[in-house]
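[1] Following is a predicted model, sequence given first.
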Amino acid sequence: MMATVLQSTAPPKRTRNTVQRRAVLCAVRALGDSHPAAADVFAHLRETAPGLSLATVYRALDALVSQKEIGRDFVANIARYDVSATPHHHTVCRVCGSVSDLNAPLPAATVRRLQNAANGFQLDLDAVQFSGVCATCRAAI
């Protein structure tokens, strides 16, 4: 049996750059170092864009991730957004939940050892989350 591949002749679908989407992008950039969740972005925009709904914020964030304008990582099953769409490592405080960028590559030998020890499980090692206790929480202890 021969499979037929059909190619669309329609022009590629362009994503609209709406006022709401621009506002959400600006909010993510303003909150960038904190790696905000959708609720954080929504709270940030409440005063400047009172008509904006949480559903619109979620849709805008999804579109911005699809366009590779921002990145998305899941920390404790919560989507957190990042001004960088390029995969990179993060530190996550197990006390307060803060997320920070960790700009250090994993050594190739370490990557090979981890892959070999994973028993056939495909690891995503381009964006690893390391948990620990942040400096602020350590100082409070």
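    Right, received. Where do you want to start? Numbers count the residues shown, from 1 in each chain.
[2] Are we agreed that Ala23 is in a helix?
    Yes - according to DSSP: H, G, I helix; E, B strand; the rest coil, Ala23 belongs to a helix.
[3] Ala49 is in contact with that one, correct?
    Yes - Ala23 lies in contact with Ala49 (CB atoms under 8 Å); the separation is 5.2 Å. The way it works is simple: take the backbone N, C-alpha and C, and place the C-beta from them, glycine included.
[4] Taking the centroid of this structure, which residue is nearest it?
    Nearest to the mean C-alpha position of the chain, by CA atoms, centre = their mean, lies Arg72 at 1.5 Å.
[5] Please name the bridge partners of that residue.
    On the basis of DSSP bridges, Arg72 is bridged to Tyr81.
[6] Would you state the helices of the chain in chain order?
    Here the chain has its helices, by DSSP state H, at 19-30, 38-45, 54-66, 108-117, 135-140.
[7] Only the buried residues of the shortest one, if you could.
    Read it as helix 135-140. Residues of helix 135-140 classed as buried: none (neighbour count, 16 or more other CB atoms under 10 Å).
[8] The third one too?
    Buried residues in helix 54-66, counting neighbours by 16+ other CB under 10 Å, are found at Thr56, Val57, Tyr58, Ala60, Leu61, Ala63, Leu64, Val65.
[9] doesn't Val41 make contact with the second one?
    Okay, so that is Val57. Yes - using CB under 8 Å, Val57 is in contact with Val41, at 5.5 Å.
[10] list the contacts for the residue nearest to the centre of the chain?
    Counting by CB atoms under 8 Å, 6 or more residues apart in numbering, Arg72 touches Leu61, Val65, Ala79, Arg80, Tyr81, Asp82.
[11] nearest residue to Leu125 other than its sequence neighbours?
    Spatial nearest neighbour of Leu125, chain neighbours left out: Val111 (5.4 Å); criterion: CB to CB, 6 or more residues apart in numbering.
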